Structure formats: C-alpha cells, structure tokens
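Trainee: 3D, please:
(chains A, B, C, D, E and F)
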Number of protein chains: 4
Amino acid sequence: MSPRGGQPKMVQQGRETRGALLDAAATVVHRAGYAGANIRAIAAEAGVAVGTIFRHYPNKAALLAAVVERETVPVLEALGDLPGRAGTCTVAGNLVEVMTTLALLQEVLLPFELAFLTDPELAAQRRQLMDSKADLPGVPTQLAQYLAAEQTLGRVRTDIPARHCAHVLLATMFGLAANPTSEGPSLPSAVAMFVEGIAPDRDIPTPG
Amino acid sequence: MSPRGGQPKMVQQGRETRGALLDAAATVVHRAGYAGANIRAIAAEAGVAVGTIFRHYPNKAALLAAVVERETVPVLEALGDLPGRAGTCTVAGNLVEVMTTLALLQEVLLPFELAFLTDPELAAQRRQLMDSKADLPGVPTQLAQYLAAEQTLGRVRTDIPARHCAHVLLATMFGLAANPTSEGPSLPSAVAMFVEGIAPDRDIPTPG
Amino acid sequence: MSPRGGQPKMVQQGRETRGALLDAAATVVHRAGYAGANIRAIAAEAGVAVGTIFRHYPNKAALLAAVVERETVPVLEALGDLPGRAGTCTVAGNLVEVMTTLALLQEVLLPFELAFLTDPELAAQRRQLMDSKADLPGVPTQLAQYLAAEQTLGRVRTDIPARHCAHVLLATMFGLAANPTSEGPSLPSAVAMFVEGIAPDRDIPTPG
Amino acid sequence: MSPRGGQPKMVQQGRETRGALLDAAATVVHRAGYAGANIRAIAAEAGVAVGTIFRHYPNKAALLAAVVERETVPVLEALGDLPGRAGTCTVAGNLVEVMTTLALLQEVLLPFELAFLTDPELAAQRRQLMDSKADLPGVPTQLAQYLAAEQTLGRVRTDIPARHCAHVLLATMFGLAANPTSEGPSLPSAVAMFVEGIAPDRDIPTPG
DNA sequence: AATGAATGAGGTTTCATTCAT
DNA sequence: CATGAATGAAACCTCATTCAT
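Mentor: So this is what the prediction gives:
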C-alpha cells in the first residue's frame, strides 16, 4: 500500500553502479543504436532504477559520453608509443596491428561516432569532451607521427603528407566498419592495399 | 473548431509543393541531421502547414525516402555506363570523375546514410526502397564491374578481387565525407593514393 | 502544370450528386461504422471530390443526418396506417410485419443509432432533426396507438400500458439487431414470445 | 528543455493512481461517450499529467479495457451460481434480481458496449480480452443454463430453446438501457412481461 | 457546380528529467 | 544513495473544413 515499493534490492553500491551503468549503456547502444538507447532501457539493463542514472550523471548525454571515454582512453594510452615503433617490424605489420586494435574499439564506439555525425548538437558536446582530454594526442595525430617517422626512414613514400596518409587510412577503416558486408576484404588485406599505395617507388624499395 | 485559415499566403499549388517539400526536407536534414528533422521544421522551412506534408506523402519516412530517391536516381543513371568506360582515359581519371560525382551526392545524402546506419528500423525501410529500385544496379556493383574490366585490360592488378577494390574505395570516400577536416587530402589525391595501391606491378606498366 | 487537374470528369450533376452522396455515405457507414466514416472515404465512394460534399451539405453531420432522413421517412409514412390495422388479421401477424419492415430499416440505420447513443453531441443534433420532422408521428407512438387499439378490442391484455408494450418490443428488436448472433431466435419467433407475454388471459383468448 | 515541474500538487502515488485513472476514465466515457473520451480529458479528470496514464497502461485501449474488466469481473463472479438458483424462489424474482444487477453494470458499460458495436476494430480487441478471460462463462451462457434448468423443472415452457430465451431477455434489457425514456416500463415490469411470455401453458401451471 | 490542395487543431504516444519517499 | 511514479514538452499523424481555380 505504501509507495516504498519492495525491498532495497541489494544493488551494488556507489562506484560499482557507475560501472554497471557504463556497461549497460554500451550494451543497449550496441543493441539498439544510439537513437534507440533510451534511459529506461539502460536502467533496466543495469538493473537499477531510472532515477539512479541521474544521481551519477547529470543527463543522458553525459552517461553516453562517459562510455565513450571509458572505452577510448585505454586505447589511446596503448597507442602512445606508436610513433616509437617506426622502423621496427614491417610497416604493414605495424599498421595491421594498430588497425586491429582500433577495429575492436570501433565495435563499441561506432554507434556513438555515427550519432555524433548525425546530431550536430551531440557533436558539439563531443568536441568539448575531446578538448578536455586534449592532453592525450588523438589517434590521427599518433598515426600521422608514426607515418612521418617511417617517411624519414624511407619506408614510406615522401611525396604525400603523412597527415593525409593517416587520414585516408582511418577513413577507410571507418568506412569499412560502418558498411559491413560479405563483399568487403578482410582488415589485413585492406591495410595491404593501403600500404601498396603508400610504398616508396618500387625501383628503390629494398635498397641493397 | 472552425478552421480559420489564417493569411492567404499565396500558397504554391500541387506539384510545386512536392518539390518545395523535398527541398525543405533536404535542407532541414542537412542542417539538423536526420534525427533533428521533424515534421514541423520541414513544414516551416517549406512554408506550408504540417498537414500539407501528409497530403503528399503518407508519412515522414516516405518524404525522406523521396528525398533520397530524387537525389540518387539521376546519379545512378549517370553512372550506368561506368563499366563501359574501362580502357578509356586513365584509371585514375575515371575514378576521380566518378568519386567527384558521388561526393556531391554524399553532400546531401550523408545524413541519411548515417541515419540508416544508426537506426536498424530505418535500415529495413531503406532496403525495401532499394529492392523496389533494384532495376538500377547499385554503385558498388557498377564500380566493381568497371574495375574488373580494367583488370582484364591489365590496367589494374589482378591479385585483388575487383569487388574488394570497389568496396575499399567507396569505404574510403564515405569515411572522408563523414569526417571532414582540414587535415584530410583532396579527393583527387585520395583517389591517387588508392590507384597507386591497385596499380599493376611497376616493373611492367611503363615499359621501354 | 496548372492546378486545373484533369478533365471535368463528367460527373452526374446537381440532384444526382446528392443521391450519390447519400448512397455513398450509407455504404461507408455500413462498412466502417459511423466513427470510421470520414469525409474522404465517402467522397471516394461517391466518386466526387471532397469539396463537393460541402457544396451540398454544410458539414459532415448534415450529410449523415440526411441519410437517416432519406431512409426513415418512407418507412414512417408506410407505417402511418398502423393503428388502423388493429383488429385485422392477427396481432402476431401484424407485429411481425411491422417488425420485419423496421428490421430492414435498422440494417441501414443501426450504425447511426449507435452513434447517436455514443456521442451526446450527435444526439442533440438528432433531436433537432426529429423535432423538425415532428409532423410525422414516430414509430413508438404509432406502435403504441396500434397496441392500445388492440387492447380496446380485447386482443391484448389491458393491465400493461400500451406505451410500455411498444417500448419493450422496440427495445427487444433493437437489442437483437445490435447483437447479431447465431444463438438468437428468428425475428418471428422473438415476436411470438413477446405476443405470448402480452396476450390476454389464456382462459379466454381462443373462445370456442 | 528542462522539465519545470509546475506546482507540487500533492500527487497520489502508485496503486491509488491506477484506481483514480479507472474512475476518471469511467466518468469521462460516461459523460462524453467512448469516442469523446480522449486521453487529455481523462488525465485532467484524474488530476494527473497525460504521461502518467502511459506509466500504468500501455495505451488508451488498455486503460479502457481495464475499466471494463474492473466493472465486469465481480459481476460475472457474482453470477457464477445463477444456474444453481433454478427452482428457488420464483422465476420472475430470480430474473428481476439478475437483471437489476446487470442494469447497474450496464450503467457504466453501455458506452463501451456501444463503442464495440460501432467500431469493428475495437470489437476485435474486445474479443481478445474476452478470450483471455474465458474461464469465466459469459452472462448469456449463465442465463441460458439457468433457464434450461428451469425448463427441466417445468417452471419455463419447453418449446423455446433456452438460449433463445436468454438472448431475447438480454436484448430487451440492452435495448431498454440504450434508449432510456420516461415512456418505458420499470425493469421489473419489463421482466414480468417477458416471464409471461415464457411461462408454461396456463392450463397446467396451477394444477389442483 | 465541382475540384482537391491546403489548413491546423487535436489525437495518441514517447521519453528525458525531477523529486518525495 | 537508491527508487520509480509523475511530469509535460514535443513527436507524428488524422481529418473536417475552406477556398482559389
């Protein structure tokens, strides 16, 4: 009769709730897309009440932004040494490794990226977030630095700006992730095509 | 209870309204994204009453689908002879031309593409539309046929399936269109990179 | 280009249109119920433009009221001599005949009756219509007068007011018409049950 | 953009709201008919916000169906022993009692019944509801069983199928409820007329 | 007299957010 | 901290009615 509504439900407290919410949000976004990810679905998935979400995040956007951050930051940190890898192994090998990592990230983040692109209002919010995390260099920058280093080493042709190369490679990866088909090539073979395109002139490639 | 009618307003009639609605819808989608494109905004942009939209299209989705169709169909038709261009001019030139055309289309269509990717329900609708227009072969198919023809002519390396090449190129274009930056290369130079990647072995191409 | 929109369509003119509209309205109401009978459906059924309806009737309610009137008036007129039939044939026979006539009318009118009962606003309009046609005595009145006459003749028990009898009989007919089932009795047998109930004491009825 | 919230308003909680909504819906339907019962009017009558309704019922139809159920179920249950009453008291007395109960129910339910009859789409929904409550035998069935039992006991004439009798009696009650007039007989006297009609032949009833 | 495109109020429903408990 | 009922703005869509042609 009283509106108290059942037992306290023995939910995980504090910190743990935050984690559960991020997991739940990621799950729901993955399942239903950004637009279909409503607060109720996320709360249900996390096993908490709707109001709880607003105790941890000021609004829906902040929750979803937190998901992005949680997934992105470790990847960015892991990529921190990318420029230093120049000259090691093969260019193709390095790029495939990086792209594989990014593809895994993309698996979670793609719906968010799409939403940022879809909704100008959201994009503005994202930019703020990015600025506040400006201490970590972004993926494009890392990749460009790596490629520039490889250019210095003669393992990448020098007549194309490294930033352009990085941008094209990332665009390709994004495009492939966004339009998944059975028609498309595997990630390594796509990278291979790209590497062919940026290889130094074949006359000289492996100087004796 | 009685429809007052408001100002005379010099309303455009019939056919013209349909065009105005398509223009308005495209404008609003461009400005606010697919999700932000609501019926009222479109009606206001077109300078008509909300109800008018539903005289011409059974629902919002149909209106937006009509925008996609109006923009897409002429492009698809213009691309109809693409496979036949194999062997003419240069591979790079042909691809730049096609990609330039598609980039213009993308300018209008990108928000729609993103929405299709974002919202599973929408994607289903799009597939229906595409199936009903199945007489026109899609862009990926055209491009793949063209590349296959060039392979036969020895102007494109044959160790990569033509469908894969087409897919990668389109993915790159999509990725570049979706993430516009000052950092990125111009469209022709991006295509150039791709062409390098699919060129036949350099030992042979320029004999003599 | 001009909004003239095709040829004049060679529609039936003036008077005929009115009849076509009444037919169409009756058809649509029968098919979809009063609530489902919208102006567009009626116009389509009649093969005229929406605007045409409003040239003949000030609003939707007036059109539907006209349908009721067209169907009802001849029936009322045909029933005009009902009280005079007292003493002729048998009571049961007379009632079955009248009820059969009314049942046919009901076939068309039931959705309207239900709507009048459903929508208080509509009921008010109906009352106005009825008042304006007050020169024709209504069915309940006719029937009551007939039964009163039969009471005088000793062919109907006198301990029940004739108006009550009439009301009950009509209520039964309405109820049967409104809830059509395979479970129910035929119209004549229902009337027979009623006649048994109003028959004078059985000791006397069929005097040797 | 931010929900201002308005006055505190001392809102009733949980369960109570559901009851208030059912009451409000019944009131509005009674006042304005089924068609005139819109969500906003019901919310206003209940003193809650529009959105509140949809926290408790998935849609308008479900709310109204809940009204029907709340009113109907106890009546059906109370009628469960009807067939067992055969032979007790008098036939007329038993029927008057039952009909009085049903008349009270009808007072609330009539607009719904009419709507079901008016709108084919609604009727389909009702049938589903009825099927899900199929464990409770409907009123017609109960009544028919009772009358059949009385036939066996010789208190009702046997030359009319009991189902027909039941159907006619209910039709009469429905008809009387639907067309309330000062002209009509009281419920007991209407039942009395019916009972006369189904009484066994007078020659035998009071043997002795 | 007929047309039918345009109108806009009003219908149901969704959902981010608040707040009393 | 957690709860979840309540909120109400805003979305899409319907339809009786008007009016320029």
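Trainee: need the helix or strand of chain A with the lowest average pLDDT.
Mentor: helix A:120-132 (a mean of 74; mean pLDDT, DSSP states H and E).
Trainee: Send me that one as CSV with only the CA atoms.
Mentor: Output of helix A:120-132 as CSV, limited to C-alpha atoms (Å, rounded to 0.1, in the frame of the first residue of the first chain):
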residue,chain,number,x,y,z
PRO,A,120,25.1,18.4,-34.6
GLU,A,121,24.1,19.2,-31.1
LEU,A,122,25.8,16.0,-29.9
ALA,A,123,28.9,16.7,-32.0
ALA,A,124,29.4,20.0,-30.1
GLN,A,125,29.3,18.1,-26.8
ARG,A,126,31.8,15.6,-28.1
ARG,A,127,34.2,18.4,-29.1
GLN,A,128,34.1,19.8,-25.6
LEU,A,129,34.9,16.3,-24.2
MET,A,130,37.8,16.0,-26.6
ASP,A,131,39.1,19.3,-25.7
SER,A,132,39.1,18.5,-22.0
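Trainee: That helix and chain B, any residue contact?
Mentor: Yes - in terms of C-beta under 8 Å from any C-beta of the partner chain, part of helix A:120-132 sits within range of chain B, namely A:Pro120, A:Glu121. C-betas here are computed from N, CA, C, even on glycine.
Trainee: what's the single longest helix in chain A?
Mentor: Using DSSP state H to define each element, chain A has its longest helix at helix A:91-118.
Trainee: quick check: angle from it to helix A:120-132?
Mentor: Comparing the axes of helix A:91-118 and helix A:120-132 via axes from the mean of the first three to the mean of the last three C-alpha atoms, to 10 degrees yields an angle of 130 degrees.
Trainee: For helix A:91-118, give the mean pLDDT please.
Mentor: Across helix A:91-118, pLDDT averages out at 90.
Trainee: what's the answer for stretch A:139-155, then?
Mentor: If you average the per-residue pLDDT over stretch A:139-155, you get 92.
Trainee: what comes into contact with that stretch?
Mentor: Counting by C-beta atoms under 8 Å, 6 or more residues apart in numbering or on different chains, stretch A:139-155 makes contact with A:75-76, A:79-80, A:82-83, A:85-87, A:91, A:94, A:98, A:102, A:137, A:156-158, A:162-163, A:165-167, A:169-170, A:198, A:200, A:207, B:183, all of which sit outside it.
Trainee: mind listing which of these are in strands?
Mentor: Residues of the contacts of stretch A:139-155 located in strands (DSSP state E): none.
Trainee: So A:Cys89, which state does it fall into?
Mentor: State at A:Cys89, reduced to three classes by DSSP: H, G, I helix; E, B strand; the rest coil: coil.
Trainee: what number of residues lie near it?
Mentor: Around A:Cys89 sit 10 other residues, with neighbours defined as other C-beta atoms under 10 Å in any protein chain shown.
Trainee: again, but for the one 3 residues further on
Mentor: For A:Ala92, the number of neighbouring residues by other C-beta under 10 Å comes to 16.
Trainee: List the residues that contact the nearest residue to it once chain neighbours are set aside.
Mentor: Once its chain neighbours are removed from consideration, A:Ala92 has its nearest residue in A:Val195; the separation is 4.5 Å (C-beta to C-beta, 6 or more residues apart in numbering or on different chains). By C-beta under 8 Å, 6+ apart, the residues touching A:Val195 are A:Val91, A:Ala92, A:Leu95, B:Gly197.
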